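Asks: Predicted model and sequence follow; I will ask about them next.
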Amino acid sequence: MCKAESHRLFSNDEFAQRKAVQFSSFLKILLEACEYSSDLMISPWEFSVDFGQARMMGINLNDLRWMIHRGWIQCQRGGEVSDSEVVANEAHNSSTFIILNLGIEALRSAQDGHVGMVPLQSFKVAQSAGPRLPLETSKPFWNIERRELSILGTVVKRFRWPAPNQETILCVFAEEGWPSRIEDPLPQGNGLDPKRRLGDTIKCLNRNQNANLIRFRGDGTGEGVLWDTCDHQTG
């Protein structure tokens, strides 16, 4: 089987549905943990589930990697939110996990297709109800495979069509740990004015957002990009 065929086989809805049922107990624990943090109006990471707990529930490293790339869960390691794979070294018990909105949707899907599970209605969707960790203390999450930009589990922007310049900027921010500023990472050439191209790309990043939670802007020199959080959402 070629690589492309393998990717199609293990990325379809049927496979995801089966995994949602398999991981439903783990996802419910994560959802309940988010309920606790929402009730106390504190960061969801205060009640995150650690690597050891996941293993005790039969969740292995590949399971965790897959759920991270699927956008179902988010990983924090050593106090820093990570958008990369879970480390292969099992000694890293500092890794902890929280559920994201896509994980809640997966849990709902598992319930709909599996008789006998506890009704999901008994759980609150912690990431869309009640106060959460202040945006200004949070970092965005760029899921390169799903081509989604999110923060605190809320999808800010989803790319349905290729957008090389915008995606390049998001990749560099993610690779560098979301610093407040990065240098213009766009390739030179094609007879385009670099400053104008960067400015146009920044404008595009701010357009068509699902949730107005992140704002990009130039640094005033035409050679750098800044990002910040917004205080409100728009539909």
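Replies: Received it, and whenever you're ready, just let me know what you need. Numbers count the residues shown, from 1 in each chain.
Asks: what does stretch 169-179 contact?
Replies: For stretch 169-179, the surrounding residues in contact (C-beta atoms under 8 Å, 6 or more residues apart in numbering) are 80, 83, 139-142, 144, 149, 182, 185-186, 201-202, 205, 216, 225, 227. In this view, the C-beta of every residue, glycine as well, is placed from N, C-alpha and C.
Asks: hang on, I meant stretch 148-168
Replies: Contacts for stretch 148-168 (C-beta under 8 Å, 6+ apart): 44, 71, 74, 98-101, 127-128, 132-133, 135, 138-144, 146-147, 170, 185-186, 197, 201, 204-205, 208-214, 229.
Asks: Ranking helices and strands of the chain by mean pLDDT, which lands last?
Replies: Least confident helix or strand of the chain, by mean pLDDT, DSSP states H and E, is helix 3-9 with a mean of 40.
Asks: Show me what the spatially most central residue of the chain bridges to in the sheet.
Replies: In the chain, the centroid-proximal residue (C-alpha atoms, centre = their mean) is residue 141; its distance is 4.6 Å. Judged by DSSP bridges, the bridge partners of residue 141 are residue 150.
Asks: And the pLDDT for it?
Replies: Per-residue confidence (pLDDT) for residue 141: 87.
Asks: What of residue 178?
Replies: 90.
Asks: Pop out the phi and psi values for the residue in the chain sticking out farthest from the centre.
Replies: Distance from the C-alpha centroid of the chain peaks at residue 191, with 35.6 Å (C-alpha atoms, centre = their mean). According to degrees, to the nearest 10, the main-chain angles of residue 191 amount to phi 70, psi 10.
Asks: That one and residue 197, how far apart?
Replies: Distance, residue 191 to residue 197, using C-beta to C-beta, to the nearest Å: 10 Å.
Asks: again with residue 111
Replies: From residue 111 to residue 197 the distance is 47 Å (C-beta to C-beta).
Asks: For the two, indicate the residue with more neighbours.
Replies: Set residue 111 next to residue 197 and count neighbours by other C-beta atoms under 10 Å: residue 111 wins out with 20 against 17.
Asks: Sort out which residues of the lengthiest helix in the chain are buried, please.
Replies: When the chain is parsed with DSSP state H, its longest helix is helix 24-40. By neighbour count on 16 or more other C-beta atoms under 10 Å, the buried set for helix 24-40 is 24-28, 30-35, 37-38.
Asks: want to try TSV for the residues you listed, with distance to residue 55 and pLDDT as columns?
Replies: Shown next, in TSV, are the buried residues of helix 24-40 (distance: C-beta to C-beta, whole Å; pLDDT from 0 to 100):
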residue	distance to residue 55	pLDDT
24	17	91
25	13	92
26	10	94
27	16	93
28	17	91
30	14	92
31	19	89
32	18	89
33	16	88
34	20	84
35	23	83
37	22	78
38	26	74
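Asks: got those residues as a markdown table, with distance to residue 48 columns?
Replies: Formatted as a markdown table, those follow (distance: C-beta to C-beta, whole Å):
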| residue | distance to residue 48 |
| --- | --- |
| 24 | 19 |
| 25 | 17 |
| 26 | 13 |
| 27 | 14 |
| 28 | 15 |
| 30 | 8 |
| 31 | 12 |
| 32 | 12 |
| 33 | 6 |
| 34 | 9 |
| 35 | 13 |
| 37 | 9 |
| 38 | 13 |
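Asks: what about the residue nearest to the centre of the chain, distance to residue 150?
Replies: Taking C-beta to C-beta, one finds residue 141 at 5 Å from residue 150.
Asks: re earlier: next structured bit after the longest helix of the chain?
Replies: strand 49-50 (DSSP states H and E).
Asks: And the next helix or strand past that next one?
Replies: By DSSP H and E, the next helix or strand past strand 49-50 is helix 51-56.
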